[in-house]
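In: Kindly generate the corresponding structure for this input.
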Amino acid sequence: NSGRALLPGDGMSTLPGAWHVAAAWEQVRGPVIVPLLRASVLLCLAMSAMLFAEKVYMAVVVLVYQLSIGAACGLSWPSDRIVVQVLDDSTDPVIKELVQVECRRWARKGVNIKYEIRDNRRGYKAGALKEGMKHGYVKDCDLVAIFDADFQPEPDFLWRAVPFLVHNPDIALVQACWKFVNADECLMTRMQEMSLDYHFKVEQEVGKK
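Out: All right, here's what the predicted structure looks like:
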C-alpha cells in the first residue's frame, strides 16, 4: 500500500482546522457567549420597560393637562371678560409643545387663552405666577383665579366664588374646598380623601389664628 501526502487545497486538509474551531467554540460558548446573549436579552427587556413607562407617563401627563385646560376654558363667564392664562413651567420640550398645541386648539374655539413660559424656574409655582402677572393684558383684570396643574374647576366655580369678593370689600382671597374626582373608586381612595380633608381642615383652622 502506498501512502498519500496531504497537499495544500486538499479537502481533508481543512479537517484539523475545523476541529480546532469547533473545540474553541465549545470552550467559549458556555462561559462567554451565553452570558452575553442573556445580558443582551435583559437589556432589551429593560429598554422596553423604560419605553413603556415613558409612554404611560406621557399619556397621564397629556390626560391631566387636557382635563385641566379644558376645565379652565369651560368656566361659565362672559367670554369678553375672562382670560385663561396657562403658565407652563415644565422643562420637557415635548410636553411644552403638547401643551402649546392644546392651547392653540382652544384659541381656535374662540377662548381668550394665553400660553406663557419663562427662561428659569426661580420660585417654582409662585415664581411662575409672579412672572405671569407681569404681562400687560393681566393689568386689565380685576380678579385672579389660580388652579394647579391637576385641578378641574366646575363650570360654575366663578359664579360661586366671585360674589364673596364683590360683596365683602374686606376679603381679598377666597379659598375653595378640594374635591377628588375618584374618591369613591375604592376603599383606598376613600381613605385618602378622608385623610386629606382632615389635614386641610386642621391647616385652615390653624391659619385663621
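
In: From now on I want contacts and neighbour counts done on CA atoms only, so please keep to that.
Out: OK.

In: and the longest helix seen in the chain, what does it pack onto?
Out: With residue count as the measure and DSSP state H as the assignment, the chain has helix 34-73 as its longest helix. When contacts are defined as 3 or more Cα pairs under 8 Å, 6 or more residues apart in numbering; DSSP states H and E, helix 34-73 sits against strand 84-87, helix 93-108.

In: list the buried ones in that helix?
Out: Within helix 34-73, the residues scored as buried using 16 or more other Cα atoms under 10 Å are V61, V62, V64, Y65, Q66, L67, S68, I69, G70, A72, C73.

In: Pull the distance from stretch 140-150 to the chain's centre.
Out: Chain-centre distance of stretch 140-150: 22 Å, with Cα atoms, centre = their mean, to the nearest Å.

In: Likewise for stretch 99-119?
Out: Its chain's average C-alpha position is 18 Å from that of stretch 99-119, according to Cα atoms, centre = their mean.

In: That stretch spans what distance, first to last residue?
Out: Using Cα to Cα, to the nearest Å, the end-to-end distance of stretch 99-119 comes to 17 Å.

In: okay, and the helix or strand of the protein with the least pLDDT?
Out: Lowest mean confidence among the helices and strands of the chain (mean pLDDT, DSSP states H and E): helix 15-28, at a mean of 62.

In: pLDDT at A176, what is it?
Out: A176 carries a pLDDT value of 83.

In: Among the buried residues of helix 34-73, which has the minimum pLDDT value?
Out: V61 (65).

In: ok, T91 - how many residues close by?
Out: Residues lying near T91 (other Cα atoms under 10 Å) number 11.

In: coming back round to it: so the longest helix of the chain versus helix 93-108, what angle?
Out: Using axes from the mean of the first three to the mean of the last three Cα atoms, to 10 degrees, the inter-axis angle of helix 34-73 relative to helix 93-108 is 30 degrees.

In: Work out the gap between helix 34-73 and the centre of the chain.
Out: 11 Å.

In: Check the secondary structure at F151 for me.
Out: What DSSP: H, G, I helix; E, B strand; the rest coil gives for F151 is coil.

In: Look up the closest residue to it, ignoring the ones flanking it.
Out: Distances taken as Cα to Cα, 6 or more residues apart in numbering put S68 closest to F151, at 5.7 Å, once the chain neighbours are dropped.

In: tell me the contacts of the residue nearest to I113 when sequence neighbours are not counted?
Out: Distances taken as Cα to Cα, 6+ apart place V84 nearest to I113, at 4.5 Å, with adjacent residues excluded. Contact analysis of V84 by Cα atoms under 8 Å, 6 or more residues apart in numbering lists A72, C73, V111, N112, I113, K114.

In: and M188, what helix or strand is that in?
Out: Using DSSP states H and E, M188 maps to helix 187-207.

In: for that helix, packing partners?
Out: Using 3+ Cα pairs under 8 Å, 6+ apart: helix 187-207 touches no other helix or strand.

In: mean confidence for that helix?
Out: What helix 187-207 shows for mean pLDDT is 79.
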